[in-house]
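please work out how this folds:
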Amino acid sequence: MRKSIQILFLAFVAVALASCDMFNKTTPSYSLSDLQGLWQRNNTQEFVRFTTEQSDETGYFLGCEWDEAEDVTEQDRIDARNELGHPGNGWFKYQFKSTGDLTEIHLMDNGGAEIPKIYVVSKLTDTDLVYYEKEYPSIKFNFTKVVTTK
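Below you'll find the predicted structure:
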């Protein structure tokens, strides 16, 4: 009987400690201003810029991505947008929540197609950005913030 009481007591203590740990976990909180700017992927020639420009009245901002290894620059994307009169290939609309939910809607030149992508930000600091597709958590995208001087 004494042994049963000791086991029951130890089980109670274990459950109490486990539940205390659960209450100490905090939800990450990220800032939109930290996300906005120019990012370079894994020291490659792939770049993404999260702008402060509103895309439309729905609250989305505009973003742009390009790969200089394919002879495409940010200015090429800007020139194409000006020529088309609207953003197209390489541009996306995005929304970002402080919990790390990042929704990108990629815009296409032909037919005005919009392709949604849902990402989860797992790290966002002044210098580092890591996110993954919500449906494929094992595929991570790592970026370093590019500091430009003018």
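
pick out the residue nearest the middle of this protein.
By Cα atoms, centre = their mean, the chain has its centre lying nearest to residue 121, at 4.3 Å.

helix, strand, or coil at that one?
Under DSSP: H, G, I helix; E, B strand; the rest coil, residue 121 falls in the strand class.

tell me where the protein has helices.
Along the chain, counting by DSSP state H, helices occupy 2-24, 32-35, 74-84.

who does the second one touch, helix- and strand-wise?
Here helix 32-35 touches strand 114-124, going by 3 or more Cβ pairs under 8 Å, 6 or more residues apart in numbering; DSSP states H and E. Using the backbone N, CA and C atoms, a C-beta is placed for each residue, glycine as well.

now with 10 Å?
strand 46-54, strand 61-67, strand 91-96, strand 114-124, strand 128-133 (3 or more Cβ pairs under 10 Å, 6 or more residues apart in numbering; DSSP states H and E).

again with the last one
Of the remaining helices and strands, those touching helix 74-84 by 3+ Cβ pairs under 10 Å, 6+ apart are strand 46-54, strand 61-67, strand 91-96.

quick check: which of these is nearest to residue 32?
strand 91-96 (5.2 Å; Cβ to Cβ).

related to what we said a few turns ago, so what's the residue nearest to the centre of the chain bridging to?
residue 131 (DSSP bridges).

for it, give me the pLDDT.
Per-residue confidence (pLDDT) for residue 121: 96.

same question, residue 1
In this prediction residue 1 is given a pLDDT of 65.

before we move on, the earlier item: I'd like the distance between the residue nearest to the centre of the chain and residue 65.
16 Å (Cβ to Cβ, to the nearest Å).

buried stuff in stretch 122-139?
124, 129, 131, 132 (16 or more other Cβ atoms under 10 Å).

ok, so of these, who is nearest residue 60?
So of the buried residues of stretch 122-139, ranked by how close each gets to residue 60 (Cβ to Cβ), first place is residue 131, at 17.1 Å.
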